[in-house]
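[1] Following is a predicted model, sequence given first.
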Amino acid sequence: MTHIKVTEQQKEISILLKAIEKMRELDQEIQAQTIAVFLVVAKSPLPIKMQDIGKELGLAQSSVSRNVAYLGDWSRHKEKGHGLIEAYEDPMERRRKLVKLTKKGERFATSLYETINQ
């Protein structure tokens, strides 16, 4: 019987694939930048500025806004969103939007964490 040694890199790639597959449960054709936006919001301990999401991911403000809407309550096509994150006006700077996970988003992030740590 032959034993195949799995490298640390292969293990880490398998974990990444599990995370992607969990995100695809939301939508089989979910975009990589949508996954990235969710992960940036999920890892932030406090509400995060939309502008900071764009800076971290190298995305235009319009792309961040579109992905936040898709992950929020309503997509840009007025279709029901996933309800995982919410954006709201910053009370200190009304022109700025802050983004955070909803309760459903917190549950999904926990589920994602559990999936990759099995």
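    That came through, no problem. Numbering: from 1, shown residues only.
[2] the longest helix in the chain is where?
    Looking across the chain with DSSP state H, the single longest helix is helix 8-24.
[3] What lies in contact with stretch 37-52?
    Contacts with stretch 37-52, where a contact means CB atoms under 8 Å, 6 or more residues apart in numbering, come from 23, 53, 56-57, 59, 61, 64-65, 67-68, 71, 84-85, 87-88, 90, 96-101, 105, 109, 112. Heads up, the C-betas are built off the backbone N, CA and C, glycines and all.
[4] partners of the longest strand along the chain in the sheet?
    Ranked by residue count and defined by DSSP state E, the top strand of the chain is strand 93-101. Take DSSP bridges as the rule and strand 93-101 pairs in its sheet with strand 48-49 (antiparallel), strand 85-90 (antiparallel).
[5] Run the chain-centre distance for the first one.
    Between the centre of strand 48-49 and the centre of its host chain there is 13 Å, according to CA atoms, centre = their mean, to the nearest Å.
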